[in-house]
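**Q** Quick one, fold the following:
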Amino acid sequence: MDADVSNIAPATPGSEDYIFKKEQNQWPDPEQGSGQNTEQVLHWYARYMDTEPVSKLRKNRYGILTLKEPINIENGRFLTFEVYVKHDDGGELSLNNLYLELLDEQTPIHGQKGSLGTSGINGATYGSVELKTDQWVTVKLDLHKMKEQDNFSGSVTTIRVGDNYSRNIYFRNFTFIPKAKPSTMSGFTTDQKDIPDYGSATTGHLENAENAQYTSNMDTDTQLVDEDGRFVLEDGEIVTFSDQFRRGSYISLKEELNTALYDTTWTVCENGRAVTSMEKGDSVSLSESPPSLSGQKGSGPDDGRTENIRADDNQQNNKYDEKLL
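**A** As a prediction, the model looks like this:
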């Protein structure tokens, strides 16, 4: 944070009613071990509520980060950061009351992007965010969903954060994530060794498809599955994974929200078209009644084929040497 930020201060300096400053992280990550904790995080605090009317005094409550150099986010896609609140200090955060704004370099009136007016960050998150207490929680904002005003230039010089409630909030790891660069692979003509196996070849187990690329009918950008194997599928949305899984891959999808909310369907395609027939061969066998692969309900694609283990396949159960593909 020191390398990127030139100044950290509350919008109302010199008052005990407002705090925005760096402090030592009181809740270091478990993987840090028993070594010395040197991580610095940002502590925000406002003594009074700002709810009647909502955010009337927001300009006095901001925690302000001024960047050393502007960051151009025209080719950016997401902004992530982590927050921490204690359960005995007001309970869980609300996305309606937590706000974040980006300011550009223009003067005297800065262009803005984010929680404009009296709005919070609700509506701008990528997927659902469960704001738990007593632990660091990652918030992922979709830059495409963040509103703009005053001809925002796309060059960020300042980040402002705050909340309508009186509480202590800790922030860390503000990170802009660029748009994914789409691969040039197409169809099953792609050499199998050029398609990631996501570590499953050596473990023999289902692994998160981290950084698998997909496109959506609701977006023009290529997007990536995150490090936890998650991607967002909204009501009415169609996402397409092209050349992201090797032949014979076992694919498992899990709906994290209430599965009764939506009817999810899947279709297996080859060269951009739905597969309508299959054949058995030396490497796979078919069930007596192969299922349809188009518009099927559920979240577990299953083509009904079973892989045949051959003596010369250098394979043990589900493990194999990917270098020999």
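**Q** from here on, contacts and neighbour counts on C-alpha atoms
**A** OK.
**Q** The one helix or strand Phe81 maps to pairs with which strands, parallel or anti?
**A** Here Phe81, judged by DSSP states H and E, is contained in strand 76-84. Using DSSP bridges, the strands paired with strand 76-84 are strand 137-142 (antiparallel), strand 168-178 (antiparallel).
**Q** which residues of this structure score low on pLDDT?
**A** 1-3, 32-36, 183-192, 247-248, 250, 257-259, 283, 299-300, 307-325 (pLDDT under 70).
**Q** in this structure, which residue is closest to the centre?
**A** For the chain, Lys140 is the residue whose C-alpha lies nearest the centre (C-alpha atoms, centre = their mean; 5.2 Å).
**Q** Not counting its neighbours along the chain, what's nearest that one?
**A** Thr80 (4.4 Å; C-alpha to C-alpha, 6 or more residues apart in numbering).
**Q** do Glu101 as well
**A** Spatial nearest neighbour of Glu101, excluding adjacent residues (C-alpha to C-alpha, 6+ apart): Gly114 at 4.6 Å.
**Q** repeat for Thr38
**A** Gln24 (6.7 Å).
**Q** how near is that neighbour to Leu57?
**A** 28 Å (C-alpha to C-alpha, to the nearest Å).
**Q** ok, now His205?
**A** 53 Å.
**Q** try Tyr99
**A** Taken as C-alpha to C-alpha, the span from Tyr99 to Leu57 is 13 Å.
**Q** Which one's more surrounded, these two?
**A** Tyr99 (23 against 15; other C-alpha atoms under 10 Å).
**Q** Please name the nearest non-neighbouring residue to the more buried one.
**A** In space, Tyr99 is closest to Gly120, 4.5 Å off (C-alpha to C-alpha, 6+ apart).
**Q** thinking again about what came up before, just want the angle from the helix or strand following the strand holding Phe81 to strand 168-178.
**A** Using DSSP H and E, the helix or strand that follows strand 76-84 in sequence is strand 98-103. On the basis of axes from the mean of the first three to the mean of the last three C-alpha atoms, to 10 degrees, strand 98-103 is oriented at 50 degrees to strand 168-178.
**Q** Which strands or helices does strand 98-103 pack on?
**A** For strand 98-103, the elements it packs on are strand 112-114, strand 155-163, judged by 3 or more C-alpha pairs under 8 Å, 6 or more residues apart in numbering; DSSP states H and E.
**Q** rewinding a little: isn't the residue nearest to the centre of the chain right up against Thr125?
**A** Yes - using C-alpha atoms under 8 Å, Lys140 is in contact with Thr125, at 5.7 Å.
**Q** What count of nearby residues applies to the residue nearest to Gly76 when sequence neighbours are not counted?
**A** The shortest distance from Gly76 to any non-neighbouring residue, by C-alpha to C-alpha, 6+ apart, is to Pro178 (4.0 Å). Using other C-alpha under 10 Å, the number of residues around Pro178 comes to 13.
**Q** which residues touch Gly91?
**A** 85, 133 (C-alpha atoms under 8 Å, 6 or more residues apart in numbering).
**Q** ugh, wrong one, Gly154
**A** 72-74, 104.
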